[in-house]
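Q: sequence and predicted structure below; questions after.
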Amino acid sequence: MAGEQAVGSRDERTVSASRLAGEPVERQSGGNMKRILLHVCCGPCSTEVIDRLAAGNCALVVFFYNPNIFPKEEYERRMEEAERFAAGRNIRFIKGDRDHDKWLEAVEGLEHEPEGGKRCMACFAFRLGEAAMMARREGAEAFTTTLTISPHKNATDVNFAGEEAGKKESVPFISEDFKKKNGFLKSCRAAREAKMYRQDYCGCEFSMTLRRPLHRPRDHPPHH
């Protein structure tokens, strides 16, 4: 399996996207496509990540698991956009459960943490833990997330949460910062071309007070 080889000094259950997406997969393992489960946070952020991984001949399964999103109407709107883009790329789309109460339990006591603080770390761990379990159930060779394409998210924190989740489920995590190589800008352009809804706050009720004005600069980053 890809990911069973150590990348530098990283854990053997962690694999860089450069191994799976940055160069043709057929050069890595005799032409066999790698089955990757991709956790997506929203439609706009999924665009460039999906296309980048698909260009590396990865066989993708998209998993939408974001019980942090509040209210339910917002959750459904983001999920519909993500599903629409995946369908356009003929990629299987798995809808996770929206158990918001369970998510609230996971971040209990962290409600007043600032954005990017301990609550966000707990949120990453919660969502990517479920993604790792789904990857194992699906027989995926590795999994990753779109979260790192956002300039609002610390890639080191996201990757740490993914790596820890991968260890627990014995599934390699693709550790990468997808905002690099103009990833974020490309996702903005793709979202505009697809006429996607682009949210103005991260997702949970605690982040709603920090939401941006609706009339944003053309390339203002979507939150998730």
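A: Received it, and whenever you're ready, just let me know what you need.
Q: let me know the helix or strand that Met133 is in.
A: For Met133, the host element (DSSP states H and E) is helix 118-138.
Q: quick one: mean pLDDT over that helix.
A: The pLDDT scores in helix 118-138 average 98.
Q: and that helix, what other elements does it pack with?
A: When contacts are defined as 3 or more C-beta pairs under 8 Å, 6 or more residues apart in numbering; DSSP states H and E, helix 118-138 packs onto strand 34-40, strand 58-64, helix 100-106, strand 142-145, helix 155-169. For every residue, glycine as well, the C-beta is placed using N, CA and C.
Q: from Phe160, how far out is Phe93?
A: 27 Å (C-beta to C-beta, to the nearest Å).
Q: no wait, Arg89
A: Taking C-beta to C-beta, one finds Arg89 at 29 Å from Phe160.
Q: looking at the two, which has the bigger crowd around it?
A: Per other C-beta atoms under 10 Å, whichever of Arg89 and Phe160 has more neighbours is Phe160, with 18 against 14.
Q: what's the distance between the more buried one and Ala194?
A: Taking C-beta to C-beta, one finds Phe160 at 31 Å from Ala194.
Q: CA-only coordinates of stretch 99-117 in PDB, if you can.
A: Extracted in PDB, the C-alpha atoms of stretch 99-117 (Å, rounded to 0.1, in the frame of the first residue of the first chain):
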ATOM      1  CA  ASP A  99     -25.000  14.600  14.600                       C
ATOM      2  CA  HIS A 100     -24.500  18.100  15.800                       C
ATOM      3  CA  ASP A 101     -25.200  17.200  19.500                       C
ATOM      4  CA  LYS A 102     -22.400  14.700  19.400                       C
ATOM      5  CA  TRP A 103     -20.100  17.400  17.900                       C
ATOM      6  CA  LEU A 104     -21.100  19.800  20.700                       C
ATOM      7  CA  GLU A 105     -20.100  17.200  23.200                       C
ATOM      8  CA  ALA A 106     -16.700  16.900  21.500                       C
ATOM      9  CA  VAL A 107     -16.000  20.600  21.900                       C
ATOM     10  CA  GLU A 108     -17.700  21.000  25.300                       C
ATOM     11  CA  GLY A 109     -15.800  23.500  27.500                       C
ATOM     12  CA  LEU A 110     -14.100  25.100  24.400                       C
ATOM     13  CA  GLU A 111     -17.000  27.300  23.300                       C
ATOM     14  CA  HIS A 112     -15.200  30.500  24.100                       C
ATOM     15  CA  GLU A 113     -11.900  29.600  22.400                       C
ATOM     16  CA  PRO A 114     -10.900  31.900  19.600                       C
ATOM     17  CA  GLU A 115     -11.000  30.700  16.000                       C
ATOM     18  CA  GLY A 116      -7.900  28.600  15.300                       C
ATOM     19  CA  GLY A 117      -7.600  27.600  19.000                       C
END
